[in-house]
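1. please find the sequence and the predicted model below.
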Amino acid sequence: MKFTNLINRGAFAFAAAATLAMMPLSAEAKDWRGWNIHVVDYPVSHGMEAFMAEVEEKTGGEIKGKVFHAGVLGSQPDAIEQLRLGIMDFGVFSLGPMGQAVPATNVVSLPFVFKSVPQMYKLMDGAPGEALGKALEEKGIVALGYYDAGARSFYNSIKPINTPADVDGMKVRVMNNDLFVGMIESMGGNATPMAFAEVYQSIKTGVVDGAENNPPSYESTSHFEVAKYYSLTQHLIIPECLCMSKKTFDALTPEQQEIVRVAGKNSTDLQRKLWQERESASMEIVKGGGVEVNEIADKAAFQAAMSPVYEKYLAANPDMTELVNLFRNAD
């Protein structure tokens, strides 16, 4: 009997120790871990480092932490789940894949839901961004700011794209997502999902006529060497979120919470500035490489062409109608 009790007590102690090991650091420890998929020298990474440095400075060293770059702490889906559990303290996450955990964030993956990058800033810093913030918080995530991840535009080897009709018959590589496939098909194009690493050769050999991405990606992959027409449709503007675990945030004092929120805003402002500088540098490189760049001042025709995409999305997600309209009908 005594032996059994000893076993039971030992098992209980082991279970308790294992549970403690899996629990997040206590509010007293305040030694945060931050997740980041990007390399160290990247606008997002600099923004995160600035955030952590400001929090440490303004709390007098009561809160310290480290940003782990280049995805060394695992994939985004895993990191999001750890954030919700309080095992991870903060991170920057694309709102595209975030839709798996927080369905409301899928709204910003709808094509042409934003009219421009400045409008994206305005909406994400306003009521629409607050609505997404509430949806995130219901899932255990606190949004501290929305970073700029660039605007995706079309590039191809045939001609400039100025209207939806210019996409008709064009073979365009897209990410493997029904929304993006529908976007191309709604303009009469042939959507071709394929691995990103295959795009350069596929354009060069004519397997596809073009693809779409933001300026730094278009430039850094050398896609501009084989696709000399870059049309600034800005059809997808998917921000990234500087997020914190609600468990970590709730453990802070009100004064510390205010410091964290201010640091989040300052970090967001810095990251957006650095991203715009990076985009400008990339645009100079591609123009210097002989690319014909055309801007599209009025995207109304493109937005109108997306009606089938929105209808299909809202038919499958009727509960998102109000949120979609909040974004789509904004000035």
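-> Everything's here; your move.
2. pLDDT weak spots in this protein?
-> Scanning the chain for pLDDT under 70 picks out 1-29.
3. mind listing the helices for it?
-> Here the chain has its helices, by DSSP state H, at 2-22, 43-58, 76-85, 117-124, 127-138, 178-185, 199-205, 215-220, 246-250, 254-288, 300-305, 307-316, 321-328.
4. out of these, flag the one nearest P239.
-> helix 117-124 (5.7 Å; C-beta to C-beta). To be clear about C-beta, it is placed using only N, CA and C from the backbone, and glycine gets the same treatment.
5. separation between the closest residue in space to G188 that isn't next to it in sequence and I184?
-> Leaving aside its chain neighbours, G188 sits nearest to D168 (3.5 Å; criterion: C-beta to C-beta, 6 or more residues apart in numbering). To I184, D168 is 10 Å away according to C-beta to C-beta, to the nearest Å.
6. between the two, point out the one with more neighbours.
-> More crowded of D168 and I184, by other C-beta atoms under 10 Å: I184, with 23 against 11.
7. doesn't F327 make contact with P128?
-> Yes. Using C-beta atoms under 8 Å, P128 is in contact with F327, at 5.1 Å.
8. need the residues that contact stretch 158-174.
-> By C-beta atoms under 8 Å, 6 or more residues apart in numbering, the residues outside stretch 158-174 that reach it are 154, 156, 180-181, 183-184, 186-194, 199, 202-203, 207-212, 229, 231, 233, 292, 294, 296, 301-302, 305.
9. give me the buried subset of those.
-> Among those, those scoring as buried are 154, 156, 180-181, 183-184, 186-187, 189, 191-192, 199, 202-203, 208-212, 229, 231, 233, 296, 302, 305 (criterion: 16 or more other C-beta atoms under 10 Å).
10. list the contacts for the residue nearest the centre of the chain?
-> By C-alpha atoms, centre = their mean, the chain has its centre lying nearest to S94, at 1.9 Å. S94 sits next to 37, 76, 149, 238, 240 when contact means C-beta under 8 Å, 6+ apart.
11. 7 Å instead, please
-> S94 makes contact with 76, 149, 238, 240, according to C-beta atoms under 7 Å, 6 or more residues apart in numbering.
12. narrow those residues to those in strands?
-> Within these, residues falling in strands by DSSP state E are E240.
13. closest one of the contacts of S94 to L270?
-> Comparing the contacts of S94 against L270 with C-beta to C-beta places E240 closest, at 13.8 Å.
14. and the closest one, what does it touch?
-> Counting by C-beta under 7 Å, 6+ apart, E240 touches 44, 92-95, 147, 149.
15. what do you get for I285?
-> The contact partners of I285, by C-beta under 7 Å, 6+ apart, come to E219.
16. burial of W32, as a residue count?
-> When neighbours are counted by other C-beta under 10 Å, W32 registers 21.
17. what's the answer for G290, then?
-> Neighbour tally, G290, other C-beta under 10 Å: 9.
18. check P118 too.
-> Applying other C-beta under 10 Å, we find 9 residues neighbouring P118.
19. A297 now?
-> Counted with other C-beta under 10 Å, residues neighbouring A297 total 6.
20. related to what we said a few turns ago, the residue nearest to the centre of the chain and D331, how far apart?
-> Per C-beta to C-beta, S94 is found 26 Å from D331.
21. what does V108 give?
-> Distance of V108 to D331, given as C-beta to C-beta: 17 Å.
22. the two: which is more packed in?
-> More neighbours surround V108 than the other of V108 and D331, with 26 against 6 (other C-beta under 10 Å).
23. my guess is that one contacts L95, does it?
-> Yes. At 5.1 Å, V108 and L95 qualify as touching, with contact defined as C-beta atoms under 7 Å.
24. what about the closest residue to M98 other than its chain neighbours, how many residues nearby?
-> Nearest in space to M98, with sequence neighbours left out and distances taken as C-beta to C-beta, 6+ apart, is T105 at 4.5 Å. T105 has 26 neighbouring residues, counting by other C-beta under 10 Å.
25. same question, the one 4 residues further on
-> Using other C-beta under 10 Å, the number of residues around S109 comes to 21.
26. again, but for L73
-> As a burial measure, L73 scores 19 neighbours (other C-beta under 10 Å).
27. against A251, how distant is it?
-> Distance from L73 to A251, by C-beta to C-beta: 20 Å.
28. what's the distance between G188 and A305?
-> In this view, G188 and A305 are 9 Å apart by C-beta to C-beta.
29. what's the answer for D78, then?
-> 37 Å.
30. with N106 instead?
-> Note on N106: its distance to A305, by C-beta to C-beta, is 20 Å.
31. I238 now?
-> Note on I238: its distance to A305, by C-beta to C-beta, is 19 Å.
32. just P43 next, same as before
-> P43 sits 31 Å away from A305, taking C-beta to C-beta as the criterion.
33. who's in contact with the closest residue to V324 other than its chain neighbours?
-> The spatially closest residue to V324, leaving aside those adjacent along the chain, is V107, at 5.6 Å (C-beta to C-beta, 6+ apart). Listed by C-beta under 7 Å, 6+ apart, the contact set of V107 reads 113, 320, 323-324, 327.
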